[in-house]
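Participant: Attaching a predicted model along with its sequence, questions to come.
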Amino acid sequence: MNEMKRPDQATRSGKRSGCKSAILLLTVSAVCFGLAEFVARGLPKNYYEWKHRYMFVSEGVNTNKTFADGTSAQWYKPNSAINWHVFYGYPGQKPKAEYSIWSTTNNIGLVQSRDFNPTKKSIAVFGDSFTEPQATTPWFYNLENDWETNPQSSDTQLLNFGYQGTGIGRWDQISKNLSEKMNIKKAIYVVIGQDFARLNRGGWNDQDLQCLSDSKKCRKHYYQSIAGNEQSEEELTDRASSLINKRHRTLDKRLRYGLCGKSELIRQISSVIGNPCFDGKPPTQYQKDLKQAVGHGLAHFRDHIDLYGKENVGLVWIPERNEAATGQISPISKKVLNVANNLLPNGHVTKCDLNSEDYYEKDGHQNERGSNKIYKCTSQMLSQITSQASK
């Protein structure tokens, strides 16, 4: 007859069994999380990490331009060389450079290689940071080179009105104040959907402009300026690290965003529900919140079509990163495309087919491959609006 286990033996046996179960559970959980993390890294990335972007631009190149109607707009100084150096980083991580590019402005502060000639007619190319562009070598240089081979270039020039973070508000300022002065006869709009919700008609505020003019006056500003003797990547990495600490002073932010920085799985889940990486709102929520503003912006667009004549206007639509990744066009982009198709002739509206591989890993902007596609789409539209008789 088997001897019954004593109580202390049974307790130890139970503890061992409990420990084994806990270890097994932890092991299974770790394996499952690892597999889920692996799968998450292969999913389309329908968000970008702008909250963890640290932007540096050459000191003293930004200014404000005041128009005759009293409004002002962000602008570049003429004949400037501009370096954009952008990092991404989370608490506990060393910032990683996403891109560093150089561009130049002409004699009136536009990002292009040819100077403005007041004796020529002009074709305006309106856009934002995709058109400037902020994140790649300017594709507009190639567009200008192509235009030089066109017989019409003898009396007609291209003007690049692309500027980061701007939209229809700024384009409307330019159309109302400069179209006659600069003899603008035709216009191409290179747009993402939300551009038509950007109604702002103001320049840089005083504090931002002070920072952009003098790097020593920069504190926790979103944009930071680069002094001429502080352009090495090592120095800028150190500055980005300091800004990460300033932006995430509380323990909650350090823990929460530190975790988000480690796991693509958590970022993917947060891109749908908001927490913990996006402060309760999914990163694409703004696309649902801008419908009314887009309506106001499209009213300005109608005015521009009346000003230039529908045969002289073209629209090139670019998908935002989440649209390219999922293949789903946002409601505001659908509204923009529907209105443009109704107002403009056939062939004057085109979708530029960027996909998820045409964007940077973390940033929402196009990479060099994406810029090349935008250049080709805009070049085709330029041919379209200049090959027909215009008013």
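Facilitator: Nice, I can see it.

Participant: now the strands: where do they sit in this structure?
Facilitator: 53-58, 62-66, 72-76, 81-88, 96-104, 121-127, 156-162, 184-191, 223-226, 313-317, 349-351 (DSSP state E).

Participant: I'd like to know how many residues surround residue 238.
Facilitator: The number of residues packed around residue 238, counting by other C-beta atoms under 10 Å, is 13. Where C-beta positions appear, they are placed from N, C-alpha and C, glycine not excepted.

Participant: quick one: it from residue 122, how far?
Facilitator: Using C-beta to C-beta, to the nearest Å, residue 238 is found at 44 Å from residue 122.

Participant: Please verify my assumption that residue 165 contacts residue 130.
Facilitator: No - in terms of C-beta atoms under 8 Å, residue 165 does not count as a neighbour of residue 130; the distance is 11.2 Å.

Participant: Would you mind putting the strands of the chain into JSON lines with mean pLDDT and mean neighbour count alongside?
Facilitator: Written out in JSON lines, the entries for the strands of the chain read as follows (pLDDT from 0 to 100; neighbours: other C-beta atoms under 10 Å):
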{"stretch": "strand 53-58", "mean pLDDT": "96", "mean neighbour count": "21"}
{"stretch": "strand 62-66", "mean pLDDT": "97", "mean neighbour count": "18"}
{"stretch": "strand 72-76", "mean pLDDT": "97", "mean neighbour count": "20"}
{"stretch": "strand 81-88", "mean pLDDT": "96", "mean neighbour count": "20"}
{"stretch": "strand 96-104", "mean pLDDT": "96", "mean neighbour count": "17"}
{"stretch": "strand 121-127", "mean pLDDT": "98", "mean neighbour count": "23"}
{"stretch": "strand 156-162", "mean pLDDT": "98", "mean neighbour count": "23"}
{"stretch": "strand 184-191", "mean pLDDT": "98", "mean neighbour count": "24"}
{"stretch": "strand 223-226", "mean pLDDT": "94", "mean neighbour count": "22"}
{"stretch": "strand 313-317", "mean pLDDT": "98", "mean neighbour count": "25"}
{"stretch": "strand 349-351", "mean pLDDT": "98", "mean neighbour count": "18"}
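
Participant: out of the ones you listed, which comes closest to residue 263?
Facilitator: Comparing these by their distance to residue 263 (C-beta to C-beta), the top pick is strand 81-88, with 15.2 Å.

Participant: Now that closest one - C-alpha only, CSV.
Facilitator: In CSV, the C-alpha atoms belonging to strand 81-88 read as follows (Å, rounded to 0.1, in the frame of the first residue of the first chain):
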residue,chain,number,x,y,z
ALA,A,81,20.7,77.0,-49.6
ILE,A,82,18.4,74.9,-47.4
ASN,A,83,19.3,71.7,-45.5
TRP,A,84,16.4,69.6,-44.0
HIS,A,85,17.7,67.0,-41.5
VAL,A,86,15.0,64.9,-39.9
PHE,A,87,15.3,62.4,-37.1
TYR,A,88,12.9,60.0,-35.4
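
Participant: Could you check the angle it makes with strand 53-58?
Facilitator: Here strand 81-88 points in a direction 160 degrees away from that of strand 53-58 (axes from the mean of the first three to the mean of the last three C-alpha atoms, to 10 degrees).

Participant: Summarise which helices and strands strand 81-88 is packed against.
Facilitator: strand 53-58, strand 96-104, helix 233-247 (3 or more C-beta pairs under 8 Å, 6 or more residues apart in numbering; DSSP states H and E).

Participant: what are the pairing partners of it, and which direction each?
Facilitator: If you go by DSSP bridges, strand 81-88 pairs up with strand 53-58 (antiparallel), strand 96-104 (antiparallel).

Participant: Just confirm residue 90 contacts residue 52, I think it does.
Facilitator: Yes - using C-beta under 8 Å, residue 90 is in contact with residue 52, at 5.7 Å.

Participant: shared neighbours of the two, anything?
Facilitator: For the pair residue 90 and residue 52, residues contacting each of them under the criterion C-beta atoms under 8 Å, 6 or more residues apart in numbering are 257, 261.

Participant: Do you know the pLDDT at the nearest residue to residue 228 once chain neighbours are set aside?
Facilitator: Spatially, and ignoring its direct neighbours in sequence, residue 228 is nearest to residue 59 (6.8 Å; C-beta to C-beta, 6 or more residues apart in numbering). What the model reports for residue 59 is a pLDDT of 96.

Participant: One more: residue 137?
Facilitator: Looking at residue 137, its pLDDT stands at 95.

Participant: And the one 10 residues further on, by the same measure?
Facilitator: Model confidence at residue 147, expressed as pLDDT, equals 97.

Participant: okay, now it: neighbour count?
Facilitator: 18.

Participant: shouldn't it be in contact with residue 159?
Facilitator: No - applying C-beta under 8 Å as the test, residue 147 and residue 159 come out as separate, 11.1 Å apart.

Participant: Save the strands paired with strand 81-88 as CSV, and put in distance to residue 285 too.
Facilitator: Listed next are the strands paired with strand 81-88 as CSV, based on distance: least, C-beta to C-beta, whole Å:
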stretch, distance to residue 285
strand 53-58, 18
strand 96-104, 24
